[in-house]
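J.: quick one: sequence and predicted model below, then my questions.
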Amino acid sequence: MIKKSAKFTTVTVAMLFLALILSIAATASADTNVALNKPVTLSGEFGVLRSNSGWETGAILGSPSTINDGIFFPERTQWNSGSIWWDSTVSGSENNSIVIDLQGAYHITGIITQADNNDKYYMEYLHPIANMWIMIGWWPEVDGWGLMTRPDGDQVTQSLVSFDASKFRLTAYPGDGYYAYSEFQAFGTPIPEPATMLLLGLGLMGLAGVRKKIKK
Ligand SMILES: [Ca+2]
Ligand SMILES: [Ca+2]
């Protein structure tokens with residue numbers, strides 16, 4: 001009788017471990033926008049136009065948090081109507097950049113960006129362990145007018161990537177000097193902390209041990 005109850009306990013423990021592993025696996029497979037509503041830092045002068053630019057009508061600078069609030073503008077919205085925009089010919093706006101802090105390390109698998117159509121938009125990421133900025137690449141100019149979503153105007157299709165990041169840095173280059181971002185999304189999964197990995201490892205070892213016992 002004692003042996004039977006011991007066996008019941010080990011099976012229960014094994015099931016608990018299995019549940020734990022399955023829940024971690026389920027979390028890991030969820031592909032969510034990990035940049036959503038994370039802290040945004042703007043460097044440089046934003047929202048100032050050169051004199052007589054012709055873009056004064058409808059010019060509104062969006063708040064920094066709108067770059068990763070999960071909301072796109074309608075495609076072909078005027079480039080400087082509510083976006084995070086700058087005119088690189090204005091003093092202090094020559095080297096503007098936007099940093100999004102993910103507040104943790106993530107494995108990134110997809111990216112979507114909405115930005116002005118007729119410029120190159122450069123993206124870098126901070127490697128969480130090397131603590132180095134690494135260039136992902138840039139979105140080229142696209143046909144259309146004003147704010148256009150890349151890689152696809154459906155605002156859903158992701159550009160597939162694979163790297164680990166803790167921050168993103170966004171910049172732009174010529175172009176016509178009028179630059180704007182209105183949405184940046186990065187999809188991925190959290191990289192487990194060492195403690196979680198240890199727990200998972202112990203769980204697997206425990207499960208293997210229990211299986212051996214049951215077979216005996
Ligand atoms: Ca937005
Ligand atoms: Ca432009």
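T.: Structure's in. What do you need? Ligands and ions are numbered 1, 2, ... in the order given.
J.: show me what contacts the most centrally placed residue in the chain?
T.: Among the residues of the chain, the one closest to the centroid is residue 186, at 2.5 Å (C-alpha atoms, centre = their mean). Contact analysis of residue 186 by C-beta atoms under 8 Å, 6 or more residues apart in numbering lists 33, 34, 35, 100, 102, 106, 108, 110, 111, 165, 168. Heads up, the C-betas are built off the backbone N, CA and C, glycines and all.
J.: can you do 10 Å?
T.: The neighbours of residue 186, taking C-beta atoms under 10 Å, 6 or more residues apart in numbering as the test, are 32-36, 38, 68, 100, 102, 106, 108-113, 123, 125, 136, 158, 161, 165, 168.
J.: my guess is residue 135 contacts residue 123. True?
T.: Yes: using C-beta atoms under 10 Å, residue 135 is in contact with residue 123, at 7.6 Å.
J.: how many neighbours does the closest residue to ligand 1 within the chain have?
T.: Here the chain gets closest to ligand 1 at one residue, residue 183, 3.9 Å apart by C-beta to the ion. Residue 183 has 22 neighbouring residues, counting by other C-beta atoms under 10 Å.
J.: so how far is residue 94 from it?
T.: Computed as C-beta to C-beta, to the nearest Å, the residue 183 to residue 94 distance reads 24 Å.
J.: kindly report the same for residue 117.
T.: Taking C-beta to C-beta, one finds residue 117 at 22 Å from residue 94.
J.: more neighbours: which of the two?
T.: When residue 117 and residue 94 are compared for neighbours, residue 117 comes out ahead with 20 against 13, by other C-beta under 10 Å.
J.: joint contacts of residue 135 and residue 123?
T.: residue 169.
J.: who's more crowded, the two?
T.: With neighbours defined as other C-beta under 10 Å, residue 135 and residue 123 compare such that residue 123 has more, 19 against 10.
J.: assign that one to helix, strand or coil.
T.: Classification of residue 123 using DSSP: H, G, I helix; E, B strand; the rest coil returns strand.
J.: show me the contacts for it.
T.: Counting by C-beta under 10 Å, 6+ apart, residue 123 touches 111, 113, 135-139, 159, 161, 168-171, 184, 186.
J.: can the lengthiest strand in the chain be found next to ligand 2?
T.: Counting residues, the longest strand found in the chain (DSSP state E) is strand 97-116. Yes: using C-beta under 5 Å from the ion, strand 97-116 reaches ligand 2 at residue 116.
J.: may I have that strand as CSV, with CA atoms only?
T.: Only the C-alpha atoms of strand 97-116 are listed here, as CSV (Å, rounded to 0.1, in the frame of the first residue of the first chain):
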residue,chain,number,x,y,z
SER,A,97,17.1,58.9,-33.6
ILE,A,98,14.3,57.1,-31.8
VAL,A,99,15.1,54.4,-29.2
ILE,A,100,12.6,51.9,-27.9
ASP,A,101,13.6,50.1,-24.7
LEU,A,102,12.1,46.6,-24.6
GLN,A,103,13.0,46.4,-20.9
GLY,A,104,14.3,42.9,-21.2
ALA,A,105,15.8,40.5,-23.7
TYR,A,106,13.6,39.1,-26.5
HIS,A,107,14.1,36.8,-29.4
ILE,A,108,12.7,38.9,-32.3
THR,A,109,11.0,37.1,-35.2
GLY,A,110,9.2,39.8,-37.1
ILE,A,111,9.1,43.5,-37.7
ILE,A,112,6.5,46.0,-39.1
THR,A,113,7.1,49.7,-39.6
GLN,A,114,4.9,52.6,-40.8
ALA,A,115,7.0,55.6,-42.1
ASP,A,116,7.1,58.2,-44.8
